[in-house]
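Chemist: predicted model follows, preceded by the sequence.
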Amino acid sequence: MTALHFTTSAGQAPVRFTADEFMELAQHPPVADWTGKVELLEGEIVRMAPANIPHWRVQHDTAQKLRAIFAEAGRDWVAGAEPTVRFADRTVRVPDIGVFRAPDLRRPLFDVADLFIAVEVADTSLRLDLGPKLVAYADASVPHYWVIDVKASEIVLMAEPADGRYRTSVRHAFGEPVAVPGTDATIVVD
């Protein structure tokens, strides 16, 4: 991950961007031309590694399955890959998959308060996904956080956020049915 720093004319410190400024910058070069996702963390633009094929396949398949499950759950649910989510005025994250409850679709960005399940697919990013990202999602009180570990062929399901962590954590191997919160459905990640 690489942070983009713009220094002031005096060379004193990096310029920090707001979420609105970030969204404007993300539409123009050089940011728009970068391969992979871009997030705004505490005002700094951070490039995420581009997805390789194993990551992409798991993300794509899981997003399709969750989208179908929540489409059946009703109109109040929205699920999909790589939603842009405002966490704070200076933080915008892009989870690999997001499930939202009753989001305001007239807004330019999803709000973290509506994020019900955040899913990160880890192929090269496991330390980040089980470290700083876990803390960020828990601090934002996202009810469910899943990390799909491609290399270990397992999914870590976390719930009950409190104090920068999740109180419950359960691991399932790929191929095992996993209960999907908010529904009566199960999903199989493979």
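Modeler: Done, it's in.

Chemist: stretch 38-55: how far from the chain's middle?
Modeler: On the basis of Cα atoms, centre = their mean, to the nearest Å, stretch 38-55 sits 10 Å off its chain's mean C-alpha point.

Chemist: how far does it stretch from start to finish?
Modeler: Distance across stretch 38-55, first residue to last, is 17 Å (Cα to Cα, to the nearest Å).

Chemist: also stretch 86-101?
Modeler: Stretch 86-101 has an end-to-end distance of 15 Å (criterion: Cα to Cα).

Chemist: okay, now the residue nearest to Asn52 when sequence neighbours are not counted: neighbour count?
Modeler: Spatial nearest neighbour of Asn52, excluding adjacent residues (Cβ to Cβ, 6 or more residues apart in numbering): Asp123 at 6.1 Å. In this view, the C-beta of every residue, glycine as well, is placed from N, C-alpha and C. The tally of other residues near Asp123 (other Cβ atoms under 10 Å) stands at 19.

Chemist: likewise the one 3 residues further on?
Modeler: The local packing count at Leu126 equals 16, with neighbours defined by other Cβ under 10 Å.

Chemist: contact partners for it?
Modeler: Val147, Asp149, Lys151 (Cβ atoms under 8 Å, 6 or more residues apart in numbering).

Chemist: now do the SS call for the last one.
Modeler: In other words, Lys151. With DSSP: H, G, I helix; E, B strand; the rest coil as the basis, the three-state label of Lys151 is coil.

Chemist: how far away is the residue lying closest to it once chain neighbours are set aside from Pro143?
Modeler: With sequence-adjacent residues excluded and distances taken as Cβ to Cβ, 6+ apart, Lys151 is closest to Asp123, at 6.5 Å. Note on Asp123: its distance to Pro143, by Cβ to Cβ, to the nearest Å, is 25 Å.

Chemist: any weak-confidence spans in the chain?
Modeler: The chain contains residues with pLDDT under 70 at 1-12, 35-36.

Chemist: so who does Gly80 touch?
Modeler: Ala63, Arg67, Ile97, Gly98.

Chemist: so the second one is in which element?
Modeler: For Arg67, the element it lies in under DSSP states H and E is helix 53-73.

Chemist: which SS state does the residue nearest to the spatial centre of the chain fall under?
Modeler: Among the residues of the chain, the one closest to the centroid is Pro95, at 1.4 Å (Cα atoms, centre = their mean). Classification of Pro95 by three-state DSSP places it in coil.
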